[in-house]
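Asks: Got a predicted structure plus its sequence, pasted below:
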Amino acid sequence: MNLGIDGKLALVTGAAGEIGMTTAAALARDGARLLLTDTDADDLAAAAEKLASETEHEIVTAIADLTKQAEADSLCDLGTEHGGIDICVHAAGITGAKGDPLELTDDDYSEAWAIDFMSAVRISRAVVPGMAESGWGRVVFVASENAVQSYADEMPYNVAKAALVNFTKGTAQVYAPKGVLINVVSPAFIETDMTDGM
């Protein structure tokens, strides 16, 4: 299928994970250039090496901690050096703490909130205005079935992903008229290192 993205620059967060890497491969096969980010340098380098066979373009990589707005902004700056970010697939996330919802600590909830929800807000602040200015952009957030099918022992993850779905719907309404389409996908169980740990 031709998605009409040949030559466009795609930022993939959580690119060393299975969902991020598989998505990056699909984008590359359709001609997109790749800007990959994750938090572990060795894992990210290994992902880029695996993806090299999928593209004729240089793969740009950057380590970024998206709990910090400055690091999200730096990714955008790096993208600008390569012509500007046209596509963003935000697959970064954690499952977070598990247990009785009322016995989990504020820190347990805050960790999932910062990584699974606020990182999406931060990356949006960084990349969406530039997309809107150019009149074209695509953003896809990876949420989870947990956003609507709550699992009692995964409450920090559940509520962060539910917030992400709501954030996507509202933000999409603002930016669709400006040419930026913002969507969310909510997969169920997919075999990944993260779900294996669950």
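Replies: Received, thanks.
Asks: And what about residue 12, helix, strand or coil?
Replies: strand (DSSP: H, G, I helix; E, B strand; the rest coil).
Asks: Count the neighbours of it for me.
Replies: The number of residues packed near residue 12 is 31, by other C-beta atoms under 10 Å. C-beta coordinates here come from the backbone N, C-alpha and C atoms, glycine included.
Asks: and it, what is it in contact with?
Replies: Applying C-beta atoms under 8 Å, 6 or more residues apart in numbering, we find residue 12 in contact with 20, 23-24, 27, 34-37, 88-89, 91.
Asks: Please report how far it lies from residue 79.
Replies: 12 Å (C-beta to C-beta, to the nearest Å).
Asks: so the residue most central in space within the chain bridges to which residues?
Replies: Per C-alpha atoms, centre = their mean, the C-alpha nearest to the average position across the chain is that of residue 90, at 1.0 Å. For residue 90, the beta-bridge partners are residue 13, residue 141 (DSSP bridges).
Asks: From residue 82, how far out is it?
Replies: For residue 90, the distance to residue 82 - C-beta to C-beta - is 18 Å.
Asks: With residue 75 instead?
Replies: Taking C-beta to C-beta, one finds residue 75 at 11 Å from residue 82.
Asks: Look up the closest residue to residue 73, ignoring the ones flanking it.
Replies: Leaving aside its sequence neighbours, residue 73 sits nearest to residue 126 (C-beta to C-beta, 6 or more residues apart in numbering; 5.0 Å).
Asks: Could you look up the SS state of that neighbour?
Replies: helix.
Asks: picking that back up, and residue 75 and residue 82? which has more neighbours close in?
Replies: Counted by other C-beta under 10 Å, residue 75 and residue 82 do not tie: residue 75 has more neighbours, with 24 against 14.
Asks: Settle this for me: that one is touching residue 64, isn't it.
Replies: Yes. In terms of C-beta atoms under 8 Å, residue 75 counts as a neighbour of residue 64; the distance is 5.3 Å.
Asks: For stretch 95-105, C-alpha coordinates in PDB please.
Replies: Extracted in PDB, the C-alpha atoms of stretch 95-105 (Å, rounded to 0.1, in the frame of the first residue of the first chain):
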ATOM      1  CA  THR A  95       3.500  -0.800  32.200                       C
ATOM      2  CA  GLY A  96       4.400   0.700  35.500                       C
ATOM      3  CA  ALA A  97       3.600  -0.400  39.000                       C
ATOM      4  CA  LYS A  98       1.100  -3.200  39.700                       C
ATOM      5  CA  GLY A  99      -1.000  -4.100  42.700                       C
ATOM      6  CA  ASP A 100      -4.100  -3.100  44.600                       C
ATOM      7  CA  PRO A 101      -5.200   0.300  43.200                       C
ATOM      8  CA  LEU A 102      -5.500   1.800  46.700                       C
ATOM      9  CA  GLU A 103      -2.200   0.500  48.000                       C
ATOM     10  CA  LEU A 104      -0.100   1.900  45.100                       C
ATOM     11  CA  THR A 105       1.700   5.100  46.000                       C
END
